[in-house]
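J.: Any chance you could fold what I've pasted below:
(one chain, ligands or ions: 1)
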Amino acid sequence: MPTSSFTPESSAVPCPVVESLDAILPEEPLLMMGAGPVPIPAAVAKANTIVINHLGGAMVKVIGQVKTMARYVFQTQSKWVLGVAGPGSAAMEMAISNLAWEGTRVLAIKNGFFSERMAEMGRRVGAQVSTLEVADRSVASLEQIAEAIRRERPEIVTVVQGETSNTVWNYHLKDIAALAKSAGALVIVDAVCTLSTMPLEMDAWGIDAVITGGQKGLSSIPGVSLIAFSDAAWARVKGRTAPNAHWCLDASLAENFWHNAGYHYTAPVSGVLALHEALRLVCAETLEKRFARHLKCSLALQDGVAAMGLKLYTPAACRLNSVVGIEVPAGLSPGDVCSHISRQHQVEISGSFGLPIVRVGQMGEQCREHNLFRTVHALGRTMVDLGVGVDLPAGVAALERALSEGK
Ligand SMILES: *Cc1c(COP(=O)(O)O)cnc(C)c1O
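T.: I've put the predicted structure just below:
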C-alpha cells in the first residue's frame, strides 16, 4: 500500500546535520589575491543578489548594454558577442566546439596548462590537433610559429594571451594572429586572465574568437563568461553541417537569447547583472586608465617582491603582469606558503599545478594600493615566519617607491 506519510527517521537517506555558512566562513572575508576569483566591487556584489525575469524587458535592455560594453572591452565592432553560463572554460569550449569538428586541423600553441586545455577540447570534438610545445618560461618565436603553420596548414590556431599557470605573456599575440590570418586560419584567443588588464584589440589584430571569464580581469563573479566571434568565425558557425554536440554551448541556439530576446536556457540572471556592473565600471574607468593602473600596480608588486629577496619566476621579457609568479624558496612547498599566509594574514594566494611557485594576481580589484601593501607585508611576514631570510622592510619600501614614482 502506498503511503503519503514521510517520516525522516525511517527514510533511507537521513536528513543531514550541517554547519551554517557563518560557521564555515571567516568573520572577515579573506583578501583574494590569488589567480582568481578576485574581489568584486560593491556594485557587482549588489547586482548579484537580484533575480529578475530572464526574458523580460529589463533583461533585454541589460543584455543589449552588456553586448555594447563587451564590444568596447574586446575592441570589436562585431555583432557576435554572447554570454555563457559557466566558467571561462565554458566560453573556451563554446569557441572550440562551434568552430572545430571531426577532422578540423587545429594548431594549438601550448605555453602551459590553459593553452593545453584548448588543444584537449579540440581533440574531444574530433579535430586533428597538433600542438606547438613551448618551453616553460618562454614564448615561441614568430619563426617557429610561421614554420608550424606552414607544416600543419591549420584551419584554426589557438593561443593564450596570458598563460596564467606559469605566468608567461604571449607578447607577440598581434603578430601571431597576423601570421595565422595570412595563412587563412581563424584565430581563437584565450584572454581569460588578461581581458581589461592589458591591450587586446580583436578587430585591429584580426582575431576571430576571444573568450574571457568573469572572475579575473573583469572583477565580476565566477560563472558567467563572455565570447566574441568575428564575422568570419560566425560564418563558419552558421555554415557547419553537423550540429554542435554540446547543446548548451551551441552558438546558434545561444543566438536566440543573446540576439533575439528568446529562450535558449534560463540565463544566470544575477550573474549577468553582476557582469553588467563589472563592465559598466570598466567603461567608467576607461580601458586606457585601467591598463595603466594594472601596469603600475603589477610592476610595483614585482619590485616589492624582488626587493625583499624573492625571485620572480618568469624572465622580464615575457613576464605576465596580470598574474605574478614567485619562486618558492628551497625547503618550502607552495602549499606551505599559501596555507600560512591565509591562516595568519587572511590573504589568499595561489600555488600552480605542480610548479615550484606561488602566484599573486593583479586583476581588477586586486590592483589597489592598499591591497598591495597588505599582500607584500603578508607575504614577507609569511617568509620570515617560515624561516626564510627576506628583507621585508626593503620590500615594502620598494613597493612604496614604485607606487609613488609611478603616479
Ligand atoms: C582561469 C583561466 C582559465 C579557466 O577559467 P575557468 O573560469 O577556471 O574555467 C582559462 N584560461 C586562462 C588563461 C585562465 O587564466
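
J.: Start from the N-terminal end of this protein and give the helices.
T.: Applying DSSP state H to the chain gives helices spanning 21-24, 42-47, 57-74, 88-99, 113-124, 142-152, 173-182, 231-239, 251-260, 269-285, 287-307, 334-345, 369-385, 392-405.

J.: so which of those helices comes closest to residue 324?
T.: Taking C-beta to C-beta, helix 287-307 is the member of those nearest to residue 324, at 5.9 Å. C-beta coordinates here come from the backbone N, C-alpha and C atoms, glycine included.

J.: rewinding a little: just say which of the helices of the chain is most tucked in.
T.: helix 88-99 (a mean of 26; mean count of other C-beta atoms under 10 Å).

J.: I'd like to know which elements that helix is packed against.
T.: Helices and strands touching helix 88-99, by 3 or more C-beta pairs under 8 Å, 6 or more residues apart in numbering; DSSP states H and E, are strand 81-85, helix 113-124, strand 186-190, strand 209-212, strand 224-229, helix 231-239, helix 251-260.

J.: In PDB, please show the C-alpha coordinates belonging to the last one.
T.: Spelled out, it's helix 251-260. C-alpha atoms of helix 251-260 as PDB (Å, rounded to 0.1, in the frame of the first residue of the first chain):
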ATOM      1  CA  ALA A 251      26.300  29.400 -30.500                       C
ATOM      2  CA  SER A 252      23.300  29.200 -33.000                       C
ATOM      3  CA  LEU A 253      21.000  28.300 -30.100                       C
ATOM      4  CA  ALA A 254      22.600  30.900 -27.800                       C
ATOM      5  CA  GLU A 255      21.900  33.500 -30.500                       C
ATOM      6  CA  ASN A 256      18.200  33.100 -29.600                       C
ATOM      7  CA  PHE A 257      18.800  34.600 -26.200                       C
ATOM      8  CA  TRP A 258      21.700  36.900 -26.800                       C
ATOM      9  CA  HIS A 259      20.400  38.400 -30.100                       C
ATOM     10  CA  ASN A 260      16.800  37.700 -30.500                       C
END
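
J.: got the angle for that helix vs strand 224-229?
T.: 100 degrees (axes from the mean of the first three to the mean of the last three C-alpha atoms, to 10 degrees).

J.: show me where pLDDT drops low in the protein?
T.: Scanning the chain with the threshold set as pLDDT under 70 gives 1-10, 406-407.

J.: Neighbours of residue 319, how many?
T.: The tally of other residues near residue 319 (other C-beta atoms under 10 Å) stands at 20.

J.: Skipping its backbone neighbours, what lies nearest it in space?
T.: residue 169 (6.2 Å; C-beta to C-beta, 6 or more residues apart in numbering).

J.: Kindly report the same for residue 77.
T.: residue 203 (6.0 Å).

J.: cool, and residue 153?
T.: That would be residue 105: by C-beta to C-beta, 6+ apart, it lies 6.2 Å from residue 153.

J.: Which parts of the protein belong to which domain?
T.: 31-38+286-405, 42-285 (automatic domain parsing).

J.: So for the ligand, which of these sits nearest?
T.: Closest approach to the ligand among the domains of the chain (C-beta to the nearest ligand atom): domain 42-285, 2.9 Å.
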